[in-house]
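> Need coordinates for the below:
(one chain, ligands or ions: 1)
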Amino acid sequence: MVILDGKKTSNDLKDEIAIAVAKRRSEGKKIPHLAAILVGTDGASMTYVNSKVKSCEKVGFNSTLIDLPEDTTEDQLLNEIDDLNKDNDIDGFIVQLPLPKQIDEQKVLMAVDPNKDVDGFHPVNVGKMTLDLPTFLPATPYGIMELLKRYKVETSGKNVVVIGRSHIVGRPMSILLSQKRDVGNATVTLVHSRTKNLEEITKEADIIVAALGKAEFLTGDMVKDGVTIIDVGITRVKDDSKKRGYRLAGDVDFESVSKKAGFITPVPGGVGPMTIAMLLKNTLLACENRD
Ligand code: NAD
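Below is the predicted model:
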C-alpha cells in the first residue's frame, strides 16, 4: 500500500511556485497577489483562510486578508468584491465558503471577475472546464488530479466512483476524470445521497473519490483489493483525548480500507494541503495571464 502524501507533494509544488516567483522578481515582473475574503468567525473557515494566507508568504506572493463581521450584508460583500475586481494589484481572490445565511452564495460567486476567480467557481470558468478549455480548475479536484499524476496512478479505462455531487468537489471531479486528458479517460460513476445499492457500485471501483462529509463512511467491506482511495472529507469529531477537543476524520475508515488499498490518501495530510497548493498555482496563472 502506497500513501499518496499530499503534504510532501504540496511542498514540492510550493517549491516550484516559489522558484517561478523568484524568477519573476529577478525579471522585474509583477509579484502575484492573492486576496481572501472571510465573512464571520467560523472556526474551520478561519483555519483554512489563515493557512492559505500563510502559504502565500511561503512562496513569495503578496496576500491580503479581508475580514468581515458575521452580520455583513450581501450589498456590503458585493461592494468588497467590486473593489477587488477593479484593484489592479490583485491577480486573484477567493470568498471563503460557507457564507452567513443572509448572503446568497450564487450571487456572490457570479460577481467575481472570471479572470480573477482562482477558485474556479464562476459559471464562465465552470463552463470552460466542462468544455475542456484552459481555465482555473477548482482547487480540490485540481489537487487530486495532480496527486494522481505525480504518483503515476493509471486512470485511463479505469472504473472511478465519485461519492458526492457538490459543485466544488464531486461534480467537477467526475467531469475532469472522464475527460480526454493525461489524468482522465476514466469511466466515471457519480453517486450521491439518493443512490441505491451504493456498496455494490463501490465494490466495482478501481478508484474511489469520497467527498460526502460523513466521517469514516467508506469501510473495508465496501471496496475491492488494490483500489485507489482519495479521501476528501474533513469532519471534526469530538475527541476529549485531544487538547482542542476534536480530531479530524476523513470520509474513509482508514484502518479497514488501507488493508485493501493499493494507494490511499491520509486525513490529514492528503487532499487538504493539495487544495491550497493548487490555489497558489491558479493565482500564479492569473498573474501570468495578465503579463
Ligand atoms: P457537500 O455537503 O456540499 O456535498 C456532499 C455530497 O455528498 C452531496 O452531493 C450528497 O448527495 C452526498 N452524500 C451525502 N450523504 C451521502 C451518502 N450517505 N451516500 C452518498 N452520497 C452522499 O460537501 P462538499 O463541500 O463536497 O464536501 C465534502 C467533504 O469534503 C466535507 O467533509 C468537506 O469538509 C470536505 N472538503 C475538503 C476539502 C479539502 O481541501 N480537503 C475541500 C472541500 C471539501
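
> Name the residue of the stretch 1-150 of the chain with the shortest distance to the ligand.
Ranked by CB to the nearest ligand atom, the top residue of the stretch 1-150 of the chain for proximity to the ligand is Thr140, at 4.2 Å. Where you see a C-beta, it was placed from the backbone N, CA and C, and this is true even at glycine.

> Grab the nearest non-local neighbour of that residue.
Closest residue in space to Thr140, ignoring its immediate chain neighbours: Thr275 at 4.7 Å, by CB to CB, 6 or more residues apart in numbering.

> Which residues of the stretch 1-150 of the chain lie near the ligand?
Thr140 (CB under 6 Å from any ligand atom).

> Go ahead and name everything in contact with the longest helix along the chain.
Selection of the longest helix in the chain by residue count, based on DSSP state H, yields helix 6-26. Helix 6-26 is touched from outside by 30-32, 55, 58-61, 143, 146-147, 150-151, 265-266, 269-274, 276-278, 280-281, 284, 287, with contacts defined as CB atoms under 8 Å, 6 or more residues apart in numbering.

> In helices only, show me those.
Among the contacts of helix 6-26, the members falling in helices (DSSP H) are 55, 58-59, 143, 146-147, 150, 271-274, 276-278, 280-281, 284, 287.

> Can you go through those and name the buried ones?
Listed as buried from the ones in helices among the contacts of helix 6-26 are 55, 59, 143, 146-147, 150, 271-274, 276-278, 280-281, 284, 287; burial here means 16 or more other CB atoms under 10 Å.

> For Glu80, grab the count of nearby residues.
Neighbours of Glu80 under the rule other CB atoms under 10 Å: 20.

> Next up, the contacts around it.
37, 66, 68 are the contacts of Glu80 under CB under 8 Å, 6+ apart.

> Name the member of the residues you listed that has the highest neighbour count.
Ile37 (22 neighbours).

> Quick one: mean pLDDT over the helix or strand containing it.
Using DSSP states H and E, the element containing Ile37 is strand 33-39. Strand 33-39 comes out with an average pLDDT of 98.
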